[in-house]
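Asks: Below are the sequence and a predicted model; questions follow.
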Amino acid sequence: MAAKKMALIASKGTLDWGYPPYILASTAAALGWEVQVFFTFYGLQLLRKDLSAVKISPLANPAMPMPVPMPVLVQTLPGMESMATMMMKNKMKAKGVASLEELRHICIEAEVRLIACQMTVDLFEFDKNDFIPQAQFGGAATFLGFAGEADVSLYV
Amino acid sequence: MAAKKMALIASKGTLDWGYPPYILASTAAALGWEVQVFFTFYGLQLLRKDLSAVKISPLANPAMPMPVPMPVLVQTLPGMESMATMMMKNKMKAKGVASLEELRHICIEAEVRLIACQMTVDLFEFDKNDFIPQAQFGGAATFLGFAGEADVSLYV
Amino acid sequence: MAAKKMALIASKGTLDWGYPPYILASTAAALGWEVQVFFTFYGLQLLRKDLSAVKISPLANPAMPMPVPMPVLVQTLPGMESMATMMMKNKMKAKGVASLEELRHICIEAEVRLIACQMTVDLFEFDKNDFIPQAQFGGAATFLGFAGEADVSLYV
């Protein structure tokens, strides 16, 4: 029986929404599936060598369970994004959840194909040297060719 | 002919983004489809017995049609999330749209499987007693097993 | 061999999240695929004749690459949404990226079916005269009928 295939589109570049594509991709790869992830729009942030700028925003995610309830107005103050990001990272570490870097490494080891959307790279003038060397470059048409044959396609 | 299958991932926990998974699941179930919903990240909020904390945020959804135009700065004031939530709920009630609780009940009656992501439960230290008793617990691998056989898979 | 089919749900109504459904739909149509897009919730904004109110919000998209770093508090000031929208539009124009209107026109020429969610139209009291004449109206059940036969289904 042929291996299952999964096609993912990763369109968001925050710490929380960076997890789902890498978790889904690494899980599917562990099951022996063939996986391609197409990084587009803000999702391109997830292909940078340095992921330290990938943050979380309580404002953009009002359903985030915060350790301490915090009025919206307070969330707009300088430094709150960095604080929320630090708290989330510490919590994940304490709970033994892999970091984004670690999950990405697992994906690469498992031969998940990581494709950067060429149009977005051009639009936002990303420097290709900022990306990990395993990143490939392609367009939506090529990606749809794979998605059309995939068993599961998801837009994250 | 075998029944169609739909696999949903519900990742968001606000009032507006809580609707799509429950609407899609209940609609598919009414068509005789077999449906599983995997609640992960903020989506776990949608499995709580008490959904009164599920709110809407105009800040996080700049395209929301508001009854009264409201500057962003005003939206950051204390109480604005609760006000927007109340206005949305009243509007839905007036229009005869089912509440989240009602849609969830329809899904349960129709034997939609509601699965809580165990990893997220552990990470955010959710209390399982806060969830409805029909919630099951599982991981991404088990869910992908179902999604790989499904006719429609969507990440909401 | 029968043409591939793609079913899209467009649920968001901002400038950035308006692009993915129209880019994916026009790309798939160019490949000869049969495409339906179901516009629901805030996505209905994308069917308006006049798209000038479709904006972008740096607050709701913390991973947006901004030309100038900008504290969250500054982003809440009056006029910042309009400024970010103008900057994004100028950038796209300079880079030769098609506008939303142009992409939508390509979709219509390619006979992509654009379906407005009747329930959302009723809920938010949209005026059907504000929509482009090519918009059709339907419900989730009809859409799922198409999605159940599609090769790729995505929720954007």
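Replies: Sure thing, it's come through.

Asks: Buried residues of stretch A:31-39, list them for me.
Replies: If you call a residue buried by 16 or more other CB atoms under 10 Å in any protein chain shown, then stretch A:31-39 has these buried ones: A:31, A:33, A:34, A:35, A:36, A:37, A:38, A:39. All C-beta atoms are positioned from the backbone trio N, CA, C, and that covers glycine.

Asks: out of the residues you listed, who's nearest chain C?
Replies: residue A:38 (10.4 Å; CB to the nearest CB).

Asks: residue boundaries of the strands in chain A?
Replies: A:5-10, A:34-39, A:113-117, A:136-138, A:152-155 (DSSP state E).

Asks: Which elements pack onto the third one?
Replies: On a contact count with 3 or more CB pairs under 8 Å, 6 or more residues apart in numbering or on different chains; DSSP states H and E, strand A:113-117 meets strand A:34-39, helix A:100-109, strand A:136-138, helix A:140-147.

Asks: what's the answer for the shortest one, then?
Replies: Using 3+ CB pairs under 8 Å, 6+ apart as the contact criterion, the elements in contact with strand A:136-138 are strand A:113-117, helix A:118-123.

Asks: Pull the residues that contact it.
Replies: With contact meaning CB atoms under 8 Å, 6 or more residues apart in numbering or on different chains, strand A:136-138 is reached by A:38, A:113, A:114, A:115, A:116, A:117, A:118, A:121, A:128.

Asks: Point to the residue nearest the middle of chain A.
Replies: residue A:18 (2.9 Å; CA atoms, centre = their mean).

Asks: That residue: what's it in contact with?
Replies: A:10, A:12, A:45, A:46, A:51, A:54, A:100.

Asks: What's the local residue count around the fifth one?
Replies: What it means is residue A:51. 17 (other CB atoms under 10 Å in any protein chain shown).

Asks: From chain B, how far out is it?
Replies: 18 Å (CB to the nearest CB, to the nearest Å).

Asks: Kindly provide the distance from the residue nearest to that residue when sequence neighbours are not counted to chain C.
Replies: Closest residue in space to residue A:51, ignoring its immediate chain neighbours: residue A:100 at 5.4 Å, by CB to CB, 6 or more residues apart in numbering or on different chains. For residue A:100, the distance to chain C equals 13 Å [CB to the nearest CB].

Asks: any weak-confidence spans in chain A?
Replies: A:1, A:59-78 (pLDDT under 70).

Asks: hang on, the earlier thing: of all the helices and strands packed on strand A:136-138, which one comes closest to residue B:152?
Replies: strand A:113-117 (23.7 Å; CB to CB).

Asks: ok, now which ones touch the closest residue to chain C within chain A?
Replies: Chain C sits closest to residue A:13 of chain A, with a gap of 3.1 Å, by CB to the nearest CB. Applying CB under 8 Å, 6+ apart to residue A:13 gives the contacts A:41, A:42, A:43, A:44, A:45, A:46, A:54, C:63.

Asks: And the contacts of residue A:18, which is closest to residue C:4?
Replies: Of the contacts of residue A:18, the one sitting nearest to residue C:4 (CB to CB) turns out to be residue A:10, at 22.1 Å.
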